[in-house]
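A.B. asks: Just the structure for this:
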Amino acid sequence: MHTSTTRRKQRSLVGLAIAGALAAVVIGTASPAAAATGLPLPYGEVDNVANGLIYYSGHVPVVSGWAIDGPFVNMTSVPIPVTANVTWYRKPAICALCTATVVGQTSFRQTADLYRAEIQRSPAGPDHGFAIPLTPPSAFSYTSERVCLTTTGYYGTSSLGCYTLAFQLIG
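C.D. replies: This next block holds a predicted model:
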């Protein structure tokens, strides 16, 4: 037998599920995994991206951006971790058609808790930025690197994309 309290709880859960689905549509960053499960997965953005490349200057590339957990206010205020998985490649300089060889893989992890002015008006507030220095191991030399970024929230993990790093001279 259903009581009025049970019915209210059921309606609340249905309302919560609908709100999550609508928020994912409005935000426009729902991943296929979020659509399949109906759960609000984390989302974010990576800086300095153009045509699948992240541009950087200096000796150590820094990958930066922001990440927020799900579209619900009670979850978004908690900073979430961002992981950068880097594959380091070496390609012979004199061979344009040669295949690059993987010479190493490393992972870097940081909590997205830095101030970001552009997300100041989000329900989460402005303290969800990250800036991860991708310091290469000194054990090998490399000619290029590729980074894949993920972020993990309450309901699961989302990809922020995979990018090739491109050195940019500033002058």
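A.B. asks: going forward, measure contacts and count neighbours with C-alpha atoms only.
C.D. replies: Fine.
A.B. asks: Show the low-confidence segments of the protein, by residue range.
C.D. replies: 1-39, 71-76, 139-140, 169-171 (pLDDT under 70).
A.B. asks: Just the strands from it, written as ranges.
C.D. replies: Taking DSSP state E as the criterion, the chain contains strands spanning 43-46, 49-50, 53-56, 62-68, 81-90, 101-111, 114-115, 127-133, 144-152, 157-167.
A.B. asks: nearest to residue 121, of the ones you listed?
C.D. replies: strand 127-133 (10.9 Å; CA to CA).
A.B. asks: Show residues contacting that closest one.
C.D. replies: If you take CA atoms under 8 Å, 6 or more residues apart in numbering as the criterion, strand 127-133 is touched by 60-68, 79-80, 82, 84, 108-116, 120.
A.B. asks: same check, this time on stretch 57-66
C.D. replies: Stretch 57-66 is touched from outside by 44-47, 54, 56, 112, 116, 128-136, 165, 167-170, with contacts defined as CA under 8 Å, 6+ apart.
A.B. asks: Try it again at 7 Å.
C.D. replies: Outside of stretch 57-66, the residues that reach it under the criterion CA atoms under 7 Å, 6 or more residues apart in numbering are 44-47, 56, 112, 128-135, 167-169.
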